[in-house]
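Enquirer: Sequence plus the predicted model coming up.
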Amino acid sequence: MFVLQGIIMWIVSVCLVAAQNGSAAERLTGWDFSGIVIWVAGFLFESVSDGRLARFKRNPENQGRVLDRGLWRYTRHPNYFGEVLVWWGYYLLAVAAGVGGLCQSHRYDRPHPPGVGCHAPEKRQAQTKPDYQDYVESTSVFVPWRSKRPRALVENDEGANTGLPSEGVRGAGSVLV
């Protein structure tokens, strides 16, 4: 299994190595700036969402709940979305170096077969969290978009209650993961 992972890592990273060794322009181009901005946005999106999820999971009170605050309010998979942005940033940097044709890593955002990518966690969440379906119906699956659920039904990001009764609001406190 590790050999297969190593081969896949090599295939994914070949454009990065080629970009580093490709012909560099005298100064940065629009492709460079675009790649850097998209990479940074993706890195921040993925880091913030992963950190939020880790903190959420550490709290035993959140057992059986769905995280629907912060970036998780706008997309069900902000960490995957950030990862895709990172790879598109790499791709644009490779294009700037004249080796974009070698890159396949930006194809990470193509639909995956069942059991790969977003499908596996979605299925597991639906089986273990009774209110997950409400979250699915009100939140974009991948690209961040405004929630279909009124903001008043969600606790604020600091965790203070909005004053609404918690019964019927996504479990016992409006935070589901």
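Expert: Yes, it's here.
Enquirer: Might you list the low-confidence residue ranges for the chain?
Expert: 1, 22-25, 104-120, 149-177 (pLDDT under 70).
Enquirer: and the residue nearest the centre of it, what element?
Expert: Most central in the chain under Cα atoms, centre = their mean is N79, positioned 2.3 Å from the mean C-alpha point. In the assignment (DSSP states H and E), N79 maps to helix 78-96.
Enquirer: Send me that helix as CSV with only the CA atoms.
Expert: Extracted as CSV, the C-alpha positions of helix 78-96 are listed here (Å, rounded to 0.1, in the frame of the first residue of the first chain):
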residue,chain,number,x,y,z
PRO,A,78,-14.3,23.6,3.7
ASN,A,79,-11.1,21.6,4.3
TYR,A,80,-11.5,19.8,0.9
PHE,A,81,-12.4,23.1,-0.8
GLY,A,82,-9.2,24.6,0.6
GLU,A,83,-7.2,21.6,-0.6
VAL,A,84,-8.5,22.0,-4.1
LEU,A,85,-7.5,25.7,-4.0
VAL,A,86,-4.0,24.8,-2.9
TRP,A,87,-3.6,22.4,-5.9
TRP,A,88,-5.0,25.0,-8.3
GLY,A,89,-2.5,27.5,-7.0
TYR,A,90,0.3,25.0,-7.6
TYR,A,91,-1.1,24.4,-11.1
LEU,A,92,-1.0,28.2,-11.9
LEU,A,93,2.5,28.5,-10.6
ALA,A,94,3.5,25.6,-12.9
VAL,A,95,1.7,27.4,-15.8
ALA,A,96,3.8,30.5,-15.0
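Enquirer: which helices and strands sit right next to whichever helix or strand comes after that helix?
Expert: Using DSSP H and E, the helix or strand that follows helix 78-96 in sequence is helix 119-128. Where contact means 3 or more Cβ pairs under 8 Å, 6 or more residues apart in numbering; DSSP states H and E, helix 119-128 is packed against helix 132-138. Heads up, the C-betas are built off the backbone N, CA and C, glycines and all.
Enquirer: And the helix it packs on, what does it pack against?
Expert: helix 119-128.
Enquirer: Enumerate the positions of the helix it packs on that are buried.
Expert: Judged by neighbour count using 16 or more other Cβ atoms under 10 Å, the buried positions of helix 119-128 are Q125.
Enquirer: Taking helix 78-96 as reference, get the angle to that helix.
Expert: Helix 119-128 runs at 170 degrees relative to helix 78-96, counting by axes from the mean of the first three to the mean of the last three Cα atoms, to 10 degrees.
Enquirer: Wait, a strand at R27?
Expert: No - looking at R27 with DSSP: H, G, I helix; E, B strand; the rest coil, it is coil, so not inside a strand.
Enquirer: For it, what are phi and psi?
Expert: Note on R27: its backbone torsions stand at phi -140, psi 170 [degrees, to the nearest 10].
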